[in-house]
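> Task: produce atomic coordinates for the following.
(chains A, B, C and D)
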There are 2 protein chains.
Amino acid sequence: MPPLLSIDLHAPLPAYRQIVDAIRTHLVNGALQPGDLLPPVRRLAIDLGVHFNTVADAYRILAEEGWLDLKRRRGALVLARTAPRPIDPAVAASFARRLRELVAEVRAAGVTRPRILRELRLIAKGLES
Amino acid sequence: MPPLLSIDLHAPLPAYRQIVDAIRTHLVNGALQPGDLLPPVRRLAIDLGVHFNTVADAYRILAEEGWLDLKRRRGALVLARTAPRPIDPAVAASFARRLRELVAEVRAAGVTRPRILRELRLIAKGLES
DNA sequence: GTTGTTTGTACATAGACAATATACAAATAA
DNA sequence: TTATTTGTATATTGTCTATGTACAAACAAC
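Numbers count the residues shown, from 1 in each chain, chains lettered A, B, ... in the order given. Just a heads-up that it's a prediction; the model follows:
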């Protein structure tokens, strides 16, 4: 069974942000469902090789986004988040640019066009459902 | 006429990296062609509202990637970059994940599925040519 | 009830990173 | 020869990241 997430301590993106991004993806995709409990910060921290406060920071950001309810002793509970937030205009406006920049970066790094197209279509297919 | 690039000084991504990403996108897309000259670091720095050394850092990264030739007095010249670099396996391997995380982030921020699909297809179309 | 254990929280600190200030070096034109 | 325009080098300052450590709350065991 694959681990919930893994991070790269040498990546340019800071660890706490990698944790947020990975967990948020699971939440959006439904791999993490309302009612689920995330691992305690100390446990996940050991698995990832970081300090538990780094995981706690990530959990807090996700809680502020409305995904989690944090409580001592019980842990991090995944919420229903019935009414998704109103559109964040900054994120919406920058999406196209960020997507172009990501594709440009991997093209510049030598990833072939067919491979990029394959991933783009895979994502699109998953969104259509 | 739109400016060559603009950055957001309050974004989580550091300024020098935003500059690199924006210019690299123009280079990959062909909006910047071999033989073109980029603005002097002091000029672009004023336009963006940063220190000229921040722009100089960005130019140096792009030069190391093989896109630019930097020379005093003449400025930053766009190169042909005939033989693209060998595939960077780390970038290639993480592309799918980063794409999923970007889409998850904007979905979480309220961007609608049709809009995301539109952008994905737009990019894909541009790649097919 | 008291105590111990398991959780998240708060805050201070060390280190890494980003942005700037300032001085310098090279190339070219006047 | 001198002035100007460019990129370069290095030290410094400030911000961000990750950690160390102590604390607080909730619950179970007894």
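
> got the residues of chain A near DNA strand D?
By C-beta under 7 Å from any atom of the strand, the part of chain A that sits against DNA strand D consists of A:14-17, A:50-54, A:57, A:71-74. To be clear about C-beta, it is placed using only N, CA and C from the backbone, and glycine gets the same treatment.

> mind redoing it with 10 Å?
Applying C-beta under 10 Å from any atom of the strand, we find that chain A lies next to DNA strand D at A:7, A:9, A:11-20, A:41-42, A:45, A:48-58, A:71-74.

> average pLDDT for stretch A:6-16?
Mean pLDDT, stretch A:6-16: 96.

> Tell me the buried residues in it?
Going by neighbour count (16 or more other C-beta atoms under 10 Å in any protein chain shown), the buried part of stretch A:6-16 is A:7, A:15-16.

> nearest to A:R24, of those?
Ranked by distance to A:R24 (C-beta to C-beta), the buried residues of stretch A:6-16 are led by A:Y16 at 12.4 Å.

> can you give me the strands for chain A?
In chain A, the segments counted as strands under DSSP state E are A:37-38, A:68-71, A:75-78.

> and B:R121, which of the ones you listed is closest to it?
strand A:75-78 (31.5 Å).

> before we move on, back to that, take the buried residues of stretch A:6-16 and keep only those in helices.
Judged by DSSP state H, helices contain the following of these: A:15-16.

> List just the nearest of the buried residues of stretch A:6-16 to A:E64.
Of all those, A:E64 sits closest to A:Y16, with 13.0 Å by C-beta to C-beta.

> That closest one contacts A:H51, correct?
No - in this structure A:Y16 lies outside contact range of A:H51 using C-beta atoms under 8 Å: 10.0 Å.

> My guess is A:G49 contacts A:L9. True?
Yes - with contact defined as C-beta under 8 Å, A:G49 reaches A:L9; the gap is 6.5 Å.

> mind giving me the domain split of chain A?
Following automatic domain parsing, one gets these domains for chain A: A:15-78, A:89-128.

> closest to B:R121 out of the ones you listed?
Of all the domains of chain A, domain A:89-128 comes closest under C-beta to C-beta, at 6.7 Å.

> Buried residues, that closest one. List them.
A:91-92, A:94-109, A:111, A:116-117, A:119-120, A:123-124.

> repeat for stretch A:29-37
Buried residues in stretch A:29-37, counted by 16+ other C-beta under 10 Å: A:L32.

> end-to-end on it?
End-to-end distance for stretch A:29-37, by C-alpha to C-alpha, to the nearest Å: 16 Å.

> starting at the chain centroid, how far to that stretch?
Stretch A:29-37 sits 13 Å away from the centroid of its parent chain (C-alpha atoms, centre = their mean, to the nearest Å).

> so where is chain A shaky, pLDDT-wise?
For chain A, the stretches with pLDDT under 70 are A:1, A:83-84.

> do you know how far the most centrally placed residue in it is from A:I61?
Chain A has A:D21 as the residue nearest its centroid, 2.3 Å off, counting by C-alpha atoms, centre = their mean. Distance, A:D21 to A:I61, using C-beta to C-beta, to the nearest Å: 10 Å.
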